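Colleague: let me see the structure of the following:
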Amino acid sequence: MKKTTILGILFFGTLWGVSEVFLGEMLYRPGFRYASVPLTIIALGVLSVGRAYFPQIGSSMAIGCCAALYKCVAMLCAIAGTPFFPCHLLAVVLIGLAYDVVFSTLPKRNKAACAVAATYMSYVLFALAITYVFRYRPWVAGGMVKVLRYVGISGSLAAVGSAVFVPACFGLVKVLKQRAGRLSVISWRLAVGGACLTTVALWVVAVTVHV
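Modeller: Here you go, the predicted structure:
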């Protein structure tokens, strides 16, 4: 695996992790009912940008694992009393897995349809796993009704949002690639160096800043 690919996975995984930690905290703490919706849409957007640069099979799953690790480190380093939710880590990994499966197997011309399929797949996998595999008590108590409500309402809202946001992210990358083709070697190296510094800085934030 090339160094740039590893750096890209770490960079995009870290960006996704930052969204999960800080935006997730803003949404989950006050008990926002559909907190997973904006988080999923942003996650799919980050994965789309990452996929456009690193289309290898498994890259999206690797980005998801990096994001989950970032969120895990941030939660473990948080002040005492801050709740730790392993189910959130499971959701992140499953989004990466679903995105990888869909965008590696389905025709990619219709990015919106792929985004919708990846969204529903991630919601279904999470709901079934948390209810019937890990048997998390609130989900077990809710049973299939809770699963169907979660997929049908939250999943559908996220699917609609991702159907718009994912193609937009691919379009943005297309424009950026056209401009990057005119960059000098020095400018390219500065961009790579900036990505490295940003990644390191955000991991320092995960360890030292408590939300």
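
Colleague: low pLDDT regions in the protein?
Modeller: Scanning the chain for pLDDT under 70 picks out 1, 78-85, 180-188, 210-211.

Colleague: helices of that one, residue ranges please.
Modeller: 3-18, 24-28, 36-53, 59-76, 86-105, 111-128, 137-149, 156-180, 185-208 (DSSP state H).

Colleague: tabulate these (a markdown table), appending mean neighbour count.
Modeller: C-beta coordinates here come from the backbone N, C-alpha and C atoms, glycine included. A markdown table is the format used below for those (neighbours: other Cβ atoms under 10 Å):
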| stretch | mean neighbour count |
| --- | --- |
| helix 3-18 | 21 |
| helix 24-28 | 17 |
| helix 36-53 | 23 |
| helix 59-76 | 23 |
| helix 86-105 | 21 |
| helix 111-128 | 22 |
| helix 137-149 | 13 |
| helix 156-180 | 17 |
| helix 185-208 | 13 |
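
Colleague: surely residue 71 is in contact with residue 90?
Modeller: No - if you go by Cβ atoms under 8 Å, residue 71 and residue 90 don't touch, sitting 10.9 Å apart.

Colleague: surely residue 159 is in contact with residue 119?
Modeller: Yes - counting by Cβ under 8 Å, residue 159 touches residue 119, with 4.3 Å between them.

Colleague: how close does the residue nearest the centre of the chain get to residue 17?
Modeller: Centroid-nearest residue in the chain: residue 43, 3.1 Å away (criterion: Cα atoms, centre = their mean). Distance, residue 43 to residue 17, using Cβ to Cβ, to the nearest Å: 10 Å.

Colleague: give me the common contacts of these two.
Modeller: Shared contacts of residue 43 and residue 17, defined by Cβ atoms under 8 Å, 6 or more residues apart in numbering, are found at residue 67.

Colleague: grab the nearest non-local neighbour of residue 89.
Modeller: residue 68 (4.6 Å; Cβ to Cβ, 6 or more residues apart in numbering).

Colleague: so what's that neighbour up against?
Modeller: Contacts of residue 68 were listed using Cβ under 8 Å, 6+ apart, and they are 17, 89, 92-93.

Colleague: wait, which of those residues is closest to residue 193?
Modeller: residue 17 (20.8 Å; Cβ to Cβ).

Colleague: for the closest residue in space to that closest one that isn't next to it in sequence, list the residues it contacts.
Modeller: Computed as Cβ to Cβ, 6+ apart, the closest residue to residue 17 that is not its neighbour in sequence is residue 70, at 2.7 Å. Residue 70 makes contact with 13-14, 16-18, 20-21, 202-203, 206, according to Cβ under 8 Å, 6+ apart.

Colleague: pick the one among these closest to residue 144.
Modeller: residue 20 (27.3 Å).
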